[in-house]
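Undergrad: for reference, the sequence and a predicted model appear below.
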Amino acid sequence: MPPIEDPAAFIRRETTVKPVPHAEEIRLHVADEAMELWQKTEEDLGALGLDPPFWAFAWAGGQGLARYILDTPTLVAGKTVLDFACGSGLVGIAAMMAGAKSCRAVDIDPFAVAAARLNAELNGVQLDLEMTDLTRQAPPSVDIVFCGDVFYDRPMADAVAGFLDRLIDAGIDVLVGDPGRSYLPTGRLTELGVYEVPVVGALEDNEIKKTSVFRVGRS
């Protein structure tokens, strides 16, 4: 089996720098041809057990959170932040641009961590990046946690549910960005904002997704 190439080199080669459609203050390394990159990572890297390239797209929930944070800087100003399942790092970058004291950005995919590092550098901010599964750990020492697009399947939603309860029990503010995916726990959410977000039509059921930002309550 061939060795895994340097993630940063792969990302630079296979992506293009573009502004985020619903948060144009931020630029990201994103897939120029969505399905082509998805297929390429499946073929070239999938055999090595790596996840699909979720890090290569500005997903609807992350865009909604980024817009809300940039428009509501008092939410994060001077606070410690966690960008959970950070993907491209979009939400953490928005938090730092809005005046957060620090942002810990975590993901289980090494390519996501590399992409988030490149994107943070691109936007002139610093993220404290880590590859880890926080759903199995004690609540982090932060003021606020952001979760974008984490309810896309049942196993992930189940893993996140208990983690959110532990965060809330620890007194941590939790905000979610989501376009109404199947496993969104609507019964414990308070809507804070609604956006019409441009997305990659090849990966979604529409090119515009109605996306909400929610505050999470105890289940």
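TA: Sure thing, it's come through.
Undergrad: ok, how many other residues are close to residue 154?
TA: 10 (other CB atoms under 10 Å). Where you see a C-beta, it was placed from the backbone N, CA and C, and this is true even at glycine.
Undergrad: for residue 199, that is, sorry about that
TA: Neighbours around residue 199, by other CB under 10 Å: 23.
Undergrad: and the pLDDT for it?
TA: We note a pLDDT of 78 for residue 199 in this prediction.
Undergrad: equivalent analysis for the one 3 residues further on, please.
TA: Predicted confidence (pLDDT) at residue 202: the value is 60.
Undergrad: how about residue 84?
TA: 97.
Undergrad: residues in contact with it?
TA: Contacts for residue 84 (CB atoms under 8 Å, 6 or more residues apart in numbering) come out as 106, 134, 145, 146, 147, 150, 163.
Undergrad: neighbour count and distance to residue 58 added to those, as TSV?
TA: Formatted as TSV, the contacts of residue 84 follow (neighbours: other CB atoms under 10 Å; distance: CB to CB, whole Å):
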residue	neighbour count	distance to residue 58
106	23	19
134	22	22
145	24	20
146	33	14
147	26	16
150	24	15
163	20	24
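Undergrad: return the subset of those residues lying in helices.
TA: By the criterion of DSSP state H, membership of the contacts of residue 84 in helices covers residue 163.
Undergrad: got TSV for the contacts of residue 84, with distance to residue 8 and pLDDT too?
TA: Output for the contacts of residue 84, formatted as TSV (distance: CB to CB, whole Å; pLDDT from 0 to 100):
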residue	distance to residue 8	pLDDT
106	18	97
134	23	95
145	27	98
146	24	98
147	25	96
150	25	93
163	29	93
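Undergrad: narrow the contacts of residue 84 to those in strands?
TA: 106, 145, 146, 147 (DSSP state E).
Undergrad: identify the bridge partners of the last one.
TA: Translated: residue 147. In this structure, residue 147 bridges to residue 84, residue 176 when assessed by DSSP bridges.
Undergrad: is it true that it touches residue 172?
TA: No: assessed by CB atoms under 8 Å, residue 147 is found out of contact with residue 172, at 11.6 Å.
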